[in-house]
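Colleague: I need the structure of the sequence given here:
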Amino acid sequence: MTSPATEPTPSPARSALAWLPGVAAAALAAAAAWGIHWLAPAVPLLTAAVVLGIVVGQLPAARGALAGVLAPGLAVSAKRLMRIGVVLLGLKLSLGDIAGLGWVAILTTVGIVVFSFAGTFLIGRLFRLPGHQPLLIATGFSICGASAIGAMSGVVKPKDEEAATPVALVTLCGTLAIFVLPVFWHPLGLTAVQFGHWVGGGVHDVGQVVATAQIAGPAALAVAIVVKLTRVLMLAPTVAIAAIVERRRQVEGDPSVKRPPIVPLFVAGFIAAVLVRSFVPLPAAFTDGADTLQTILLAMALFGLGTAVRLRTLLGTGWRALATGLLSWALIAGLALGAVWLSA
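Modeller: Numbering: from 1, shown residues only. Below is the predicted model:
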């Protein structure tokens, strides 16, 4: 038997490529999610990617690989690819489109984010959720779903299980919204455009917004996307504020610890992408390609995040998190409906 002292050490090239199997698995999962979306267009691609990750994470036969050979690549997908995807998400945003909503709609949309974030955070604290879970749930539910959770995770550095539970919750509630909100469209007396405004203000993920609003027609879908992307714009200041708070907390705890930047690089990239989209004429081929790449990267990232979810743990000890998610969902839907009536 070879002694530990004489065992060969991994070559630098092999260590550098340790991420390759996990990234390849995430890419295959993204392709599978695209196939599911193609077969069932009502299922958003990113939602399918998260669900696939959650399903794979529950398979006993897969857990050895998830914790072993695939772990480095899944971590790269869930963190680095997520940040690149968030930067590219900025290319969807045009300040001109947002200004076209009118100042009342803009202010009410910002109000939805602020009050739903604060309300969800307080609900999470009241239910005594551990660690960073109240912050992550508040970020995901109030801004843009699992991608916002990934962006905030890049600042506060939560444990894997702390990020996995909010991802599962925002996926569950966002998927429910696809089927629940249309039921109330006509009973609430909303026009198609008002329904689109409600969906854009009250549904979490961009793909879920598209899946929900498209049933009311192209006008509703256009309004829903602009309102939703206005909420997405709030991701930059929210993450930047969290970075400042985290930096101050670390300074008070241990001045020698390396502190996070005041504005994370990917947040600065997101803002730069918004400005480019707003003021630089971009060819349609470029924006379409960036949109496709952004979707692929976020699908890979969300698959990686989904594999960390353990439903047995969530169902056994996560009733407080589930209650927080459902109450937050109701709060955001109510605030968005109030914004629609106020803007009418």
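Colleague: how about low-confidence regions in the stretch 201-344 of the chain?
Modeller: Low-confidence segments of the stretch 201-344 of the chain (pLDDT under 70): 250-264, 313-318, 344.
Colleague: ranges for the strands of it?
Modeller: Using DSSP state E, counting those that start in this stretch, the stretch 201-344 of the chain contains no strands.
Colleague: And what about residue 128, helix, strand or coil?
Modeller: Using DSSP: H, G, I helix; E, B strand; the rest coil, the structure places residue 128 in coil.
Colleague: what about the nearest residue to it once chain neighbours are set aside, how many neighbours?
Modeller: Nearest residue to residue 128, sequence neighbours excluded (CB to CB, 6 or more residues apart in numbering): residue 320, at 6.7 Å. To be clear about C-beta, it is placed using only N, CA and C from the backbone, and glycine gets the same treatment. Here the number of neighbours of residue 320 (other CB atoms under 10 Å) works out to 16.
Colleague: again with residue 37
Modeller: Residue 37: 21 surrounding residues under other CB under 10 Å.
Colleague: same deal with residue 245?
Modeller: Per other CB under 10 Å, the neighbour tally for residue 245 reads 13.
Colleague: if we can go back for a sec, residue contacts, the residue nearest to residue 128?
Modeller: By CB atoms under 8 Å, 6 or more residues apart in numbering, residue 320 lies in contact with 127-129.
Colleague: what do you get for residue 108?
Modeller: Neighbouring residues of residue 108 by CB under 8 Å, 6+ apart: 201, 338-339, 342-343.
Colleague: Neighbour-wise, give me the winner out of the contacts of residue 320.
Modeller: residue 129 (23 neighbours).
Colleague: Do I have it right that that residue meets residue 321?
Modeller: Yes - using CB atoms under 8 Å, residue 129 is in contact with residue 321, at 5.8 Å.
Colleague: shared neighbours, those two?
Modeller: Counting by CB under 8 Å, 6+ apart, the residues touching both residue 129 and residue 321 are residue 137.
Colleague: before we move on, the earlier item: could you identify which of the contacts of residue 108 has the most neighbours?
Modeller: Neighbour counts for the contacts of residue 108 peak at residue 201, which has 30 neighbours (criterion: other CB under 10 Å).
Colleague: Quick check, that one in contact with residue 109.
Modeller: Yes - assessed by CB under 8 Å, residue 201 is found in contact with residue 109 at 6.0 Å.
Colleague: Give me the common contacts of the two.
Modeller: 227, 231, 339.
Colleague: gap between residue 44 and residue 59?
Modeller: Distance, residue 44 to residue 59, by CB to CB, to the nearest Å: 23 Å.
Colleague: Please identify which of the two sits among more neighbours.
Modeller: Set residue 44 next to residue 59 and count neighbours by other CB under 10 Å: residue 44 wins out with 26 against 11.
Colleague: burial measure for the residue lying closest to that one once chain neighbours are set aside, as a count.
Modeller: Leaving aside its sequence neighbours, residue 44 sits nearest to residue 207 (CB to CB, 6+ apart; 3.0 Å). Residues near residue 207, counting by other CB under 10 Å, number 24.
Colleague: repeat for the one 4 residues further on
Modeller: Residue crowding around residue 211 was assessed by other CB under 10 Å; the count is 24.
Colleague: ok so, going back, could you tell me which of the contacts of residue 108 are located in helices?
Modeller: Cross-referencing the contacts of residue 108 against helices under DSSP state H gives 201, 338-339, 342-343.
Colleague: Need the phi and psi values for residue 128.
Modeller: When quoted as degrees, to the nearest 10, the phi and psi of residue 128 stand at phi 60, psi 50.
Colleague: What of residue 309?
Modeller: Per degrees, to the nearest 10, the backbone of residue 309 is at phi -80, psi 130.
Colleague: Hmm, it is touching residue 52, no?
Modeller: No - counting by CB under 8 Å, residue 309 stays clear of residue 52, with 11.3 Å between them.
Colleague: Between the two, tell me which one has more neighbours.
Modeller: More neighbours surround residue 309 than the other of residue 309 and residue 52, with 26 against 22 (other CB under 10 Å).
Colleague: could you list every residue that touches that one?
Modeller: 53-54, 57, 164-165, 167-168.
Colleague: which among those residues gets closest to residue 219?
Modeller: residue 167 (32.0 Å; CB to CB).
Colleague: From residue 44, how far off is residue 299?
Modeller: From residue 299 to residue 44 the distance is 10 Å (CB to CB).
Colleague: typed the wrong thing, it's residue 169
Modeller: From residue 169 to residue 44 the distance is 16 Å (CB to CB).
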